[in-house]
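Peer 1: Need coordinates for the below:
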Amino acid sequence: MVGKRQSMSPLQRRTVDEAVVAYVEWRECCTAVWDAYRRWVSSPVSDAALWHRAYAAALDREEAAAQAYGQLMAFVGHLVETGLDYELPQAA
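Peer 2: Residues are numbered from 1 along each chain as shown. Here you go, the predicted structure:
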């Protein structure tokens, strides 16, 4: 027997949309980290410090995106677990 399919509320739909956007933003930051790393390791010695700073900044952005995505996924997990439907916490 196939279970009844439940439709998503507007909040649930928005939450899923935000989760997808957060994932894409995190993956884009991951790509930027690898790009910055390649520029750093292939740069001439005279430019290495500059490219290292760019690499470190890309790592910081990736970490922030990963944390935002992780927090959102924890919230999504809570909604799925409890079946609750309430407002998303506001980003800091």
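Peer 1: where in this structure is pLDDT low?
Peer 2: Applying pLDDT under 70 to the chain flags the ranges 1-6, 84-92.
Peer 1: how about a cut-off of 90?
Peer 2: 1-17, 74-92 (pLDDT under 90).
Peer 1: Scan it for its longest helix.
Peer 2: In the chain, with assignment by DSSP state H, the single longest helix is helix 48-82.
Peer 1: Could you check how far it is from the centre of its chain?
Peer 2: Helix 48-82 has its C-alpha centroid displaced from the chain centroid by 5 Å (CA atoms, centre = their mean, to the nearest Å).
Peer 1: got it, and stretch 17-24?
Peer 2: 7 Å.
Peer 1: Mind exporting the C-alpha coordinates of it to CSV?
Peer 2: Taking Å, rounded to 0.1, in the frame of the first residue of the first chain, the C-alpha atoms of stretch 17-24 are listed here in CSV:
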residue,chain,number,x,y,z
ASP,A,17,14.1,26.3,-1.4
GLU,A,18,16.4,28.0,1.1
ALA,A,19,18.2,24.7,1.8
VAL,A,20,18.8,24.2,-1.9
VAL,A,21,20.1,27.8,-2.2
ALA,A,22,22.4,27.4,0.8
TYR,A,23,23.8,24.1,-0.6
VAL,A,24,24.5,25.8,-4.0
